[in-house]
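> Structure of the sequence below:
(one chain, ligands or ions: 2)
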Amino acid sequence: MSRQRKVALVGNPNAGKSALFNALTGARQKIANYPGVTVERKSGRFVLPTGEPVEMTDLPGAYGLDPTSPDEEVTAKVIAGHFPGEAAPDVLVVVLDASNLEQHLVFAQELLALGKPTVVALNMVDLAERDGLVLDAAVLAEELGVPVIPTVAVRRRGLAELGEAIANAGERHPGPGLTALGQTERRVAAHAMADAAILSESKRHRLHAKLDQLLLNPWVGPVILLAILFVVFQAVFAWATPFADALDAGVSALHDGVKAALPPSLLRDLLTDGVIAGVGSVIVFLPQIVILFAFILAMEASGYMARAAFLMDRMMASVGLSGRSFIPLLSSFACAIPGIMATRSITDPKDRLTTILIAPLMTCSARLPVYAVIIAAFIPHTSVWGGIGLQGLVLFTLYVVGVVGAMAVALALRSSMTKGAASGFIMELPKYQMPRLKDMAIGLWQRAWIFLRRAGTIIFMVTVVLWVMLNFPKAGPGESQVDASIAGKVANGLAFVVEPIGFNRDMALALIPAMAAREVAVSSLATTYAVDAGDNEDEQALELGDQLKRRWTLPMALAFLAWFVFAPQCMSTIAVTRRETNGWKWPTFMLAYLFGLAYIAAGATYWVAVAAGL
Ligand SMILES: Nc1nc2c(ncn2[C@@H]2O[C@H](COP(=O)(O)OP(=O)(O)OP(=O)(O)O)[C@@H](O)[C@H]2O)c(=O)[nH]1
Ligand SMILES: [Mg+2]
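Ligands and ions are numbered 1, 2, ... in the order given. Got it, this is the predicted structure:
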């Protein structure tokens, strides 16, 4: 039996390759409405209409076979068969964005010049049609000399025809349009071919052009962006409250139920003070995470996020970064790990390194529970300047401080350690789209699941270990259990380091397990106070927020917030940085500078707040 044939999906970024890959193979690759999403090749199985199974590969988007970034290099190598241990693909499926035909035909010509069996998927014809573009696939097929199949990846249109064409792909004869050799010639040819294939074009285009004029206006654009972000953070607090309260009540009920059902024992204490108090204190932030991501996903899917990147380009350039850093930095608002991996689409190595080093300063979703618990306890639930919620405002400020800090660090790095010229911006703007409800639901579910899984695994485990360390050895009469315990002893030993910045023993105690994940700071505090409450009924009845209010001053709380803006409390981020920079040098530097900044920021916040009489 002969070897299974290989089919590769290639084309410009954002053409819909991954969407097509998912539709054909049933996989769940990330797709999003901006270029540079796929940075690694992924393979899956697809059965052709003839019954022949083939190996389908989704490649990172590229603008040419001459790689200018690590992800483009993957594409070029796979196609050329230079990827270690991988045969070259037998059939290429060139994916074109029908509403961006001219631009996408440039790379397509380069691919066709390879002479391999090729099929063209003229994808996104729905968007082209909506824009009033009527395309003639037959004319294009004639020009290119290969079959051209109109598809709509996200609605599974044209898939059968595409499978048919792949099955029949074989020897081919270059079409009349395929004579260009150089890049400039290809551009001219692309223009001519697009002209020939496009039958008509109309009004929707003009509406979107108007919208872009407004949203990308150098003065109005940033104001709109800021206003949108502002609303997002207001909503995170305002809308989440009823859901968070319900969850909170559920956790309390569970706590009381378990307590009533079991006889007093270590196991009961472990369940109530350790697991339920600790993990429960984190889970109540699920509604806030979901609301935040609903906005982020909607902005991504609508095409607005890419406009935001475009707007940010100037600001990024002023600190020596290119707009290409925007997407990795944006992903870092969810989590720095995918953000750091997304830097593979950055062309310039120094640009890329700088982006990796500042990615942990973007406020990842693991910080949200920490911020939210402190804000809810210490910032009054009032409005300022007629209707703006103070809590949301403080949250917004914390995010902004992270971004401003990142920009300042980028500027410092770019003029010292990673000195070099800033590279240009080459992002193309995706089309505006209504976010699809189903995609949004899947995206939200995935985010929620990641959050819950973290709560159920890493946060759960760290909390249990901490509970054990807080309960042994047992305190003598009149002695505080926390002070007597192993964890308390370690924290007391560490306290002198953080005392100058206003932290007490409990805060020191929370910082160590929180190296595993930032949310653990919340579960650690909850568990510590639950253990500390012991058998005292009044103490036990207090919620985490009330405990914090009784034990911390406002300057301490603010210092704790400032610490979490900067501190690299995440082992996985350090590990992924080591992998992506091939060594310990940069992760060590990252740890040192972030802890340094955190220490200074927390100390300054504490002492300024004390001086101000807060
Ligand atoms: N309306 C419409 N949207 C599509 C179609 N195909 C893909 N999309 C959307 O276009 C965007 C880009 O799709 P991806 O599959 O991520 O594109 P890609 O080519 O893999 O992009 P990179 O990985 O960045 O190279 C996503 O928002 C998809 O939902 C289509 O046929 N019609
Ligand atoms: Mg992709």
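
> separation between Leu361 and Gln183?
Separation of Leu361 from Gln183 (C-beta to C-beta, to the nearest Å): 38 Å. In short, each C-beta sits where N, CA and C put it, glycine included.

> For those two, indicate the residue with more neighbours.
Counting neighbours by other C-beta atoms under 10 Å for Leu361 and for Gln183 shows that Leu361 has the greater number, 25 against 13.

> so what's the more buried one closest to, chain neighbours aside?
In space, and not counting its chain neighbours, Leu361 is closest to Ala406: 3.9 Å by C-beta to C-beta, 6 or more residues apart in numbering.

> so who does the one you found touch?
Applying C-beta atoms under 8 Å, 6 or more residues apart in numbering to Ala406 gives the contacts 329, 358, 361-362.

> tell me the average confidence for the helix or strand containing it?
Here Ala406 sits within helix 390-414, counting by DSSP states H and E. Across helix 390-414, the average pLDDT comes to 93.

> Show me how far it is from its chain's centre.
17 Å (C-alpha atoms, centre = their mean, to the nearest Å).

> Next secondary structure element downstream of it?
Counting by DSSP H and E, the next helix or strand C-terminal to helix 390-414 is helix 437-454.

> Run through the neighbouring helices and strands of that following helix.
In terms of contacts (3 or more C-beta pairs under 8 Å, 6 or more residues apart in numbering; DSSP states H and E), helix 437-454 is packed against helix 286-302.

> Run through the neighbouring helices and strands of the helix or strand of the chain with the lowest mean pLDDT.
The least trusted helix or strand in the chain, going by mean pLDDT, DSSP states H and E, turns out to be strand 198-200, with a mean of 76. Helices and strands touching strand 198-200, by 3+ C-beta pairs under 8 Å, 6+ apart, are strand 134-135.

> Was I right to think Val125 contacts Leu135?
Yes: using C-beta atoms under 8 Å, Val125 is in contact with Leu135, at 6.7 Å.

> any common contacting residues for these two?
Taking C-beta under 8 Å, 6+ apart as the criterion, Val125 and Leu135 both touch 98, 150.

> sorry, back to before: buried stuff in the helix holding Ala406?
Buried residues in helix 390-414, counted by 16 or more other C-beta atoms under 10 Å: 390-396, 398-399, 401-403, 405-407, 409-410, 413-414.

> filter those residues by proximity to ligand 2?
Among the buried residues of helix 390-414, no residue lies close to ligand 2 (C-beta under 5 Å from the ion).

> Could you list the residues of the chain in contact with ligand 1?
Listed as neighbours of ligand 1 in the chain under the rule C-beta under 6 Å from any ligand atom: 13-19, 31-33, 35-38, 60-61, 123-124, 126-127, 152-154.

> Mind checking which of those residues land in helices?
17-19, 126-127 (DSSP state H).

> Break the chain down into its structural domains.
5-201, 220-420+436-612 (the TED database).

> So for Leu211, which of these sits nearest?
domain 220-420+436-612 (9.0 Å; C-beta to C-beta).

> mind checking the end-to-end distance for the closest one?
Separation of the first and last residues of domain 220-420+436-612 by C-alpha to C-alpha, to the nearest Å is 36 Å.

> Tell me how far it lies from the chain's centre.
Taking C-alpha atoms, centre = their mean, one finds the center of domain 220-420+436-612 at 15 Å from the center of the full chain.

> In the stretch 451-600 of the chain, what residue comes closest to ligand 2?
Closest contact between the stretch 451-600 of the chain and ligand 2, by C-beta to the ion, is at Glu580 (19.3 Å).

> Enumerate every residue touching that residue.
340-341, 343-344, 356.

> can you rerun that using 7 Å?
340-341, 356 (C-beta atoms under 7 Å, 6 or more residues apart in numbering).

> least confident pick among those?
Within the set of the contacts of Glu580, pLDDT is lowest for Met341 (88).

> Would you indicate which residues of the secondary structure element (helix or strand) that that one belongs to are buried?
Per DSSP H and E, Met341 falls inside helix 336-342. Under the neighbour-count criterion of 16+ other C-beta under 10 Å, helix 336-342 has 336-337, 339-342 buried.

> Would you convert these into CSV that also reports distance to Ala377?
As requested, the buried residues of helix 336-342 are exported to CSV (distance: C-beta to C-beta, whole Å):
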residue, distance to Ala377
Ala336, 26
Ile337, 29
Gly339, 29
Ile340, 32
Met341, 35
Ala342, 35
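
> quick check, nearest of the residues you listed to ligand 1?
Distance to ligand 1, by C-beta to the nearest ligand atom, is smallest for Ala342 among the buried residues of helix 336-342, at 10.1 Å.

> Identify the residue nearest that closest one in space, chain neighbours excluded?
Spatial nearest neighbour of Ala342, excluding adjacent residues (C-beta to C-beta, 6+ apart): Pro328 at 4.0 Å.

> got the buried residues for the helix or strand harbouring the one you found?
For Pro328, the element it lies in under DSSP H and E is helix 326-331. Residues 326-331 are the ones in helix 326-331 that count as buried (16+ other C-beta under 10 Å).

> neighbouring contacts of that helix?
Helix 326-331 is contacted from outside by 34, 36, 305, 309, 312, 316, 338-339, 342-343, 355, 359, 362, using C-beta under 7 Å, 6+ apart.

> and if we set it to 8 Å?
34, 36, 305, 308-309, 312-313, 316, 338-340, 342-343, 345-346, 355, 358-359, 362, 406.

> One more: stretch 171-188?
For stretch 171-188, the surrounding residues in contact (C-beta under 8 Å, 6+ apart) are 64, 105-106, 109-110, 112-113, 115, 117-118, 141-146, 189, 192-193.

> Just the buried residues of those residues.
By neighbour count, with 16+ other C-beta under 10 Å, the contacts of stretch 171-188 hold 64, 105-106, 109-110, 112, 117-118, 141-144, 146, 189, 193 as buried.

> Of the residues you listed, which belong to helices?
Among the buried ones among the contacts of stretch 171-188, the members falling in helices (DSSP H) are 105-106, 109-110, 112, 141-144, 189, 193.

> Go through the residues you listed and name the one nearest Asn168.
Among those, and counting by C-beta to C-beta, the member closest to Asn168 is Ala141, at 13.1 Å.

> Where does the prediction get shaky in the protein?
For the chain, the stretches with pLDDT under 70 are 1-2, 33, 175, 177, 180, 201-206, 421-428.

> give the contact list for the residue in it that ligand 1 sits nearest to.
The nearest approach of the chain to ligand 1 comes at Gly61, 2.4 Å away (C-beta to the nearest ligand atom). By C-beta under 8 Å, 6+ apart, the contact list for Gly61 reads 11-15, 17, 35-38, 71, 75.

> try 10 Å
Counting by C-beta atoms under 10 Å, 6 or more residues apart in numbering, Gly61 touches 9-18, 35-39, 71-72, 75, 95, 107, 345.

> Tell me how many other residues crowd Thr418.
For Thr418, using other C-beta under 10 Å, the count is 20.

> any idea how far it is from Ala487?
Distance of Thr418 to Ala487, given as C-beta to C-beta: 40 Å.

> Kindly report the residues of this structure close to ligand 2.
Counting by C-beta under 5 Å from the ion, the chain comes close to ligand 2 at 18, 37-38.

> Turn those into JSON lines, columns for neighbour count and distance to Gly250.
Converted to JSON lines, the residues of the chain next to ligand 2 look like this (neighbours: other C-beta atoms under 10 Å; distance: C-beta to C-beta, whole Å):
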{"residue": "Ser18", "neighbour count": "25", "distance to Gly250": "38"}
{"residue": "Val37", "neighbour count": "22", "distance to Gly250": "37"}
{"residue": "Thr38", "neighbour count": "26", "distance to Gly250": "39"}
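
> Return the member of those residues nearest to Glu300.
Checking these one by one against Glu300 (C-beta to C-beta), the nearest turns out to be Val37, at 9.8 Å.

> Can you say which helix or strand has Val94 in it?
Assigned by DSSP H and E, Val94 belongs to strand 91-97.

> what secondary structure does Ala376 sit in?
Judged by DSSP: H, G, I helix; E, B strand; the rest coil, the three-state class of Ala376 is helix.

> No more questions from me, cheers.
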